[in-house]
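Asker: predicted model and sequence follow; I will ask about them next.
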Amino acid sequence: MDFRSYQKEALRTDRVPARDGADDAASLIVPMLGLAGETGQLLSEYKKHLRDGEAHRLFKERVSEELGDLLWYIANVASKFDLSLSDIAAANLAKVKQRWASERTEPLTFDAELPEGERLPRKFEVELIDVEGESRQRVRVLIDGTPFGAELTDNAYDPDGYRFHDVFHFAYAAVLGWSPITRALLRRKRKSQPLLDEVEDGGRAAVIEEGVAALAFDYARRHRFLDGVAALDFQLLRTIKDMTSHLEVRQCTTGEWEQAILQGFKVWRAVLAARGGRIAVDLDARRISFLGPSGRQEPRA
C-alpha cells in the first residue's frame, strides 16, 4: 500500500475528526497524545524483550502492531495539517541524505571554466608561523612560501588559538571547493565574471564565511575542540546551511560541511599544539593534512 492510500483510509477511522468552523484543538491533541502513548507502548515492549529475552515470544508481532499504531497517528496528524505523508517521507529521505552524504565521485569545483589565474589551485602548502608580539601572539601566513594577509591575533581576552583559524578556511576550500577568504588570500577572485566576483567572492560572502568559522569555533569550544568527536549536532550544520543558502556552496551537503569542520579542527589542534605548522591543502583528495611544525617561532619585526 502506498502512503497516499494509507493516509486516505486511515482518515476514515478517525473518531475525533476536524470540523469546519469549530475549535479543532481536540481533533489535534488526541492524535498527538496517541503518538506519545504508542511510543511508550513500543518502549514497553522492548523493555519486556530485554527482561524476558526469547520468553517474550510475541515481541516482533507487538513491535509491528505498535509501529502500525504510530503510523496511523502520524497519518492522522499529517491529514489535519493538510500535509501529504508521501511528501513528508520524500523530504525526510532528502534531509537524511544531505545529513550523511559526504562522498562525491568527483571533487566539486566552482571555477573549472574560468581562466587559470581565477581558479583555486588544486594543491598548495601553507605555513603558519607563531610570532612573538610585545603583548599578544600573532600568526603569519605563508602560502607556498609567500606571505599572505595580515598577521592575526586571537581577538580574545584570553588566548584560545583562534589566531590559527585560517586553517578552517583552507579546510573549506579543500573539502567543499569553496572559500571566499582563501580566494582573497591567493588572489584568485573571479574578476572576469563581475557579478560572480561581487556575489560569491565579495565582502558579504567573506563575512558569512568568517561567521561560519566563528560559529563552529564557539560550538567546538564547548565540545573539547572536537577532540574525539565523530559527528556534529545537526542544528549547527543546519544553521550553516541556512547562512550560506544563497551562495554557490549550497550545493554541498551537511555531511560535507561536517567533514570540512572535523578535518579543519583536527589540523587546527595539531597546529595549536605545535604553535604553528605546515599544512597541505589538496582539493582533488578533498583533504587538509598537518605536515609538521613550522620550526619557526619568530620574534615580531
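Answerer: Received, thanks.
Asker: quick one: the strands in the stretch 101-250 of the chain?
Answerer: Taking DSSP state E, counting those that start in this stretch as the test, the strands found in the stretch 101-250 of the chain are 123-132, 138-143, 146-152.
Asker: quick check: mean pLDDT across the first one?
Answerer: When the per-residue pLDDT values of strand 123-132 are averaged, the result is 93.
Asker: distance between that strand and the chain's centre?
Answerer: Remark: strand 123-132 is offset 26 Å from the chain centroid, using C-alpha atoms, centre = their mean, to the nearest Å.
Asker: re the thing from before, as TSV, the strands of the stretch 101-250 of the chain with distance to residue 26 and mean neighbour count would be great.
Answerer: Where C-beta positions appear, they are placed from N, C-alpha and C, glycine not excepted. Converted to TSV, the strands of the stretch 101-250 of the chain look like this (distance: least, C-beta to C-beta, whole Å; neighbours: other C-beta atoms under 10 Å):
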stretch	distance to residue 26	mean neighbour count
strand 123-132	63	19
strand 138-143	62	20
strand 146-152	60	14
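Asker: nearest to residue 249 among the ones you listed would be which one?
Answerer: strand 123-132 (19.6 Å; C-beta to C-beta).
Asker: elements contacting the closest one?
Answerer: Under the contact criterion of 3 or more C-beta pairs under 8 Å, 6 or more residues apart in numbering; DSSP states H and E, strand 123-132 touches strand 138-143, helix 166-176, strand 276-282, strand 298-299.
Asker: worst mean pLDDT among those?
Answerer: Note on the helices and strands packed on strand 123-132: lowest mean pLDDT is at strand 298-299, with a mean of 53.
Asker: can I get the strands of the stretch 101-250 of the chain in a markdown table with distance to residue 228?
Answerer: Output for the strands of the stretch 101-250 of the chain, formatted as a markdown table (distance: least, C-beta to C-beta, whole Å):
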| stretch | distance to residue 228 |
| --- | --- |
| strand 123-132 | 23 |
| strand 138-143 | 25 |
| strand 146-152 | 27 |
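Asker: where in this protein is pLDDT low?
Answerer: For the chain, applying pLDDT under 70 flags the ranges 20-23, 101-107, 133-135, 295-301.
Asker: in it, which spans are helices?
Answerer: With DSSP state H as the criterion, the chain has helices at 3-12, 25-52, 59-80, 85-100, 166-176, 180-186, 194-200, 203-221, 234-243, 254-274.
Asker: nearest to residue 158, out of those?
Answerer: Ranking the helices of the chain by their distance to residue 158 (criterion: C-beta to C-beta) puts helix 203-221 first, at 11.1 Å.
Asker: now stretch 277-284 - C-alpha only, CSV.
Answerer: The C-alpha coordinates for stretch 277-284 follow below in CSV (Å, rounded to 0.1, in the frame of the first residue of the first chain):
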residue,chain,number,x,y,z
GLY,A,277,53.0,24.3,11.5
ARG,A,278,52.9,23.3,7.8
ILE,A,279,49.7,22.0,6.3
ALA,A,280,48.9,20.5,2.9
VAL,A,281,45.7,21.5,1.1
ASP,A,282,44.5,19.1,-1.5
LEU,A,283,41.3,19.9,-3.4
ASP,A,284,41.4,16.7,-5.5
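Asker: and the contacts of that stretch?
Answerer: 107, 109, 120-128, 167, 170, 173-174, 177, 267, 270-271, 287-294 (C-beta atoms under 8 Å, 6 or more residues apart in numbering).
Asker: only whichever of the residues you listed are buried, select them in PyMOL.
Answerer: Burial among those is assessed by 16 or more other C-beta atoms under 10 Å; the matching PyMOL selection reads:
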select buried, resi 120+124+126+127+128+167+170+173+174+177+267+270+271+288+289+290+293+294
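Asker: run a quick neighbour tally on residue 183.
Answerer: For residue 183, the neighbour count with other C-beta atoms under 10 Å is 25.
Asker: you'd agree it is up against residue 119?
Answerer: No - checked against C-beta atoms under 8 Å, the pair residue 183 and residue 119 is beyond contact range at 9.6 Å.
Asker: check contacts around residue 192.
Answerer: 114-115, 118.
Asker: can you add distance to residue 219 and neighbour count and give those residues back as a markdown table?
Answerer: Output for those, formatted as a markdown table (distance: C-beta to C-beta, whole Å; neighbours: other C-beta atoms under 10 Å):
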| residue | distance to residue 219 | neighbour count |
| --- | --- | --- |
| 114 | 34 | 16 |
| 115 | 38 | 11 |
| 118 | 33 | 19 |
